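Enquirer: Fold the following.
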Amino acid sequence: MQSLSTPNLIRKAPENFLSQEAIAQINQHGADETRRGFLRKSFMAALGGVGAAGSGLALANPQGDPAILEKQIWQTTLGKNVATEPYGTPSIYEKNLVRRESPGLTRVSAASVAFTPLQGLFGIITPNGL
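Expert: Predicted structure coming up:
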């Protein structure tokens, strides 16, 4: 038998892993009925749960959710400018880094482009504040 610690080795799938007695018993009596019954009952319970949840949601609010149907203040106004905070939420290790905004690509600061100062970062992972 081949060792599991040997790298780059393809092992064959086990053949004849069922004994002849097990094969004869399955052929004579069929598959395990308790397993099939368990799966059938589990499926029916899940189906009933989904149906009950769906009917409860349909009766919850026939008019619709006002948080979805009515426009919210954050949907109709602009947020903070891109470079309001020069870095975002800096780590203590990158607190001296400042991202720069590109003045030539866009004329408004609400929708702009900012560049990460990759040359000042330590390592290859860009911090989430940038």
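Enquirer: For this protein, just list every one of the helices.
Expert: Along the chain, counting by DSSP state H, helices occupy 20-29, 33-60, 66-69, 73-76.
Enquirer: Adding mean pLDDT and distance to Val108, write those out as a markdown table.
Expert: All C-beta spots, glycine's among them, are computed from the backbone N, C-alpha and C. Formatted as a markdown table, these follow (pLDDT from 0 to 100; distance: least, CB to CB, whole Å):
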| stretch | mean pLDDT | distance to Val108 |
| --- | --- | --- |
| helix 20-29 | 80 | 72 |
| helix 33-60 | 76 | 42 |
| helix 66-69 | 85 | 29 |
| helix 73-76 | 87 | 17 |
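Enquirer: Save those as TSV, and put in mean neighbour count and distance to Val98 too.
Expert: Below are the helices of the chain laid out as TSV (neighbours: other CB atoms under 10 Å; distance: least, CB to CB, whole Å):
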stretch	mean neighbour count	distance to Val98
helix 20-29	10	70
helix 33-60	10	48
helix 66-69	8	37
helix 73-76	7	27
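Enquirer: I'd like those helices written out as TSV, with distance to Arg100 added.
Expert: Formatted as TSV, the helices of the chain follow (distance: least, CB to CB, whole Å):
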stretch	distance to Arg100
helix 20-29	71
helix 33-60	49
helix 66-69	38
helix 73-76	27
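Enquirer: Tell me how this protein divides into domains.
Expert: Annotated domains of the chain cover 20-60, 78-130 [automatic domain parsing].
Enquirer: rewinding a little: what's the closest of the helices of the chain to Arg11?
Expert: Among the helices of the chain, helix 20-29 comes nearest to Arg11, with 23.0 Å by CB to CB.
Enquirer: contacting residues around the closest one?
Expert: The contact list for helix 20-29 (CB atoms under 8 Å, 6 or more residues apart in numbering) is empty.
Enquirer: who's in contact with the closest residue to Asn96 other than its chain neighbours?
Expert: Distances taken as CB to CB, 6 or more residues apart in numbering put Gly120 closest to Asn96, at 7.6 Å, once the chain neighbours are dropped. The contact partners of Gly120, taken as CB under 8 Å, 6+ apart, are 94, 96-97.
Enquirer: what about Gly120, distance to Leu97?
Expert: As for Gly120, its distance to Leu97 is 5 Å (criterion: CB to CB, to the nearest Å).
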